[in-house]
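Student: predicted model and sequence below, questions to follow.
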Amino acid sequence: MLPIITLRNVGSAAIAVGLLVAVLTLGTSTDRPFVLAVLLVLVGTGLRLEAAIRARNVPGRGGADR
């Protein structure tokens, strides 16, 4: 269960950092910070999805045993 929580936390942190990078670089004229922000948000979303899928397969969590 610890890897599931860790994946979820890392995913949440990646999404938060990506959104923070996007907000802080709104005044720049280059697109590079936004590319980094999009990649961070996509990686964070993927990690959160993977954690949700793994949690679904753990007995006692999710809808697999209901």
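Tutor: Perfect, thanks for sending it. Residues are numbered from 1 along each chain as shown.
Student: and Glu50, how many neighbours?
Tutor: 15 (other Cβ atoms under 10 Å). Any C-beta I mention is one placed from the backbone N, CA and C, and that applies to glycine too.
Student: apologies, that question was intended for Leu49.
Tutor: Neighbours around Leu49, by other Cβ under 10 Å: 12.
Student: likewise Val41?
Tutor: By the measure other Cβ under 10 Å, the count of residues near Val41 is 19.
Student: wait, it touches Ala16, no?
Tutor: No - Val41 is not in contact with Ala16 according to Cβ atoms under 8 Å; the separation is 9.3 Å.
Student: what's next to stretch 25-45, contact-wise?
Tutor: Residues outside stretch 25-45 that contact it (Cβ atoms under 8 Å, 6 or more residues apart in numbering): 10-19, 21-22, 24.
Student: tell me which residues of it come out buried.
Tutor: Thr25, Ala37, Leu40, Val41, Gly44 (16 or more other Cβ atoms under 10 Å).
Student: I'd like these laid out as a markdown table, including secondary structure, pLDDT and distance to Ala51.
Tutor: Shown next, in a markdown table, are those (DSSP: H, G, I helix; E, B strand; the rest coil; pLDDT from 0 to 100; distance: Cβ to Cβ, whole Å):
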| residue | secondary structure | pLDDT | distance to Ala51 |
| --- | --- | --- | --- |
| Thr25 | coil | 88 | 28 |
| Ala37 | helix | 91 | 21 |
| Leu40 | helix | 93 | 16 |
| Val41 | helix | 94 | 16 |
| Gly44 | helix | 94 | 11 |
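Student: save the contacts of stretch 25-45 as CSV, and put in secondary structure and neighbour count too.
Tutor: Converted to CSV, the contacts of stretch 25-45 look like this (DSSP: H, G, I helix; E, B strand; the rest coil; neighbours: other Cβ atoms under 10 Å):
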residue, secondary structure, neighbour count
Val10, helix, 15
Gly11, helix, 21
Ser12, helix, 14
Ala13, helix, 13
Ala14, helix, 20
Ile15, helix, 18
Ala16, helix, 13
Val17, helix, 15
Gly18, helix, 21
Leu19, helix, 14
Val21, helix, 18
Ala22, helix, 16
Leu24, helix, 11
